[in-house]
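Undergrad: take a look and give me a structure for this.
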Amino acid sequence: MNFETFDASYVSRLRSGDASTEQHFVGYFTELITLKLRSKLRTPEMIDDVRQETFSRTLSLIRSDGLRHAERLGSLVNSICNHVLMEQYRSSDRVDGLEKATPEQLVDSRKDALSEAISKDSREIVRQILDKMNLRDKTLLRALLLEERDKDEVCRELGVEREYLRVLLHRAKGSFRDMYSRRIQNKHH
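TA: Numbering: from 1, shown residues only. Next up, the predicted model:
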């Protein structure tokens, strides 16, 4: 399966009710949601109910301008699916002891397929962008944001003062943001 990234024009087409975009949206997320729910629900009907409700709520939220960051569409679908799944657990009277169980006991704590796919895709995009950045920006972002190293240690390695480190980090983040935005725009054009 190819993992998609989403941009503002894609979300705008969903918001306006573009049939081909809606068809792509439903087709793309049906597979991921089904993988997620297969191990959590007993019947295909229950899976279908949660999937349909997830799509309904997601599209409703998008149409009410409730999605501010188009690139987070996958995370939004996953979050809504989790909420609908919890409601399904709460409303199901066929599960013994459900009333006594906490939500943490009901939800499988292992990463589900949708979360894993989004996370893997995001890591790959970040890696590809970092590989294209200049050495100083790449080193700085990796050290401070990915490895969460001590800022004073990074200052010593780079030979800069702490105040200047903030400037460098700000520039590196801006460069990353620009490269990320261009990548998203190019992917959907």
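Undergrad: now do the same for the residue at the greatest distance from the centre of the chain: its pLDDT.
TA: Using C-alpha atoms, centre = their mean, the residue of the chain lying farthest from its centre is Gly159. It sits 36.1 Å away. You'll see Gly159 listed with a pLDDT of 89.
Undergrad: same check on the one 5 residues further on?
TA: Note for Tyr164: predicted pLDDT of 89.
Undergrad: mind checking what secondary structure it has?
TA: helix (DSSP: H, G, I helix; E, B strand; the rest coil).
Undergrad: picking up where we left off before, for the residue farthest from the centre of the chain, grab phi and psi.
TA: When read as degrees, to the nearest 10, the backbone of Gly159 gives phi 70, psi 40.
Undergrad: for it, give its distance to Arg136.
TA: Gly159 sits at a distance of 11 Å from Arg136 (criterion: C-beta to C-beta, to the nearest Å). The way it works is simple: take the backbone N, C-alpha and C, and place the C-beta from them, glycine included.
Undergrad: cool, and Leu59?
TA: Distance, Leu59 to Arg136, by C-beta to C-beta: 43 Å.
Undergrad: quick one: secondary structure of Phe55?
TA: helix.
Undergrad: just give the number of residues close to it.
TA: For Phe55, the neighbour count with other C-beta atoms under 10 Å is 20.
Undergrad: before we move on, what about Tyr164?
TA: So Tyr164, with other C-beta under 10 Å, has 12 neighbours.
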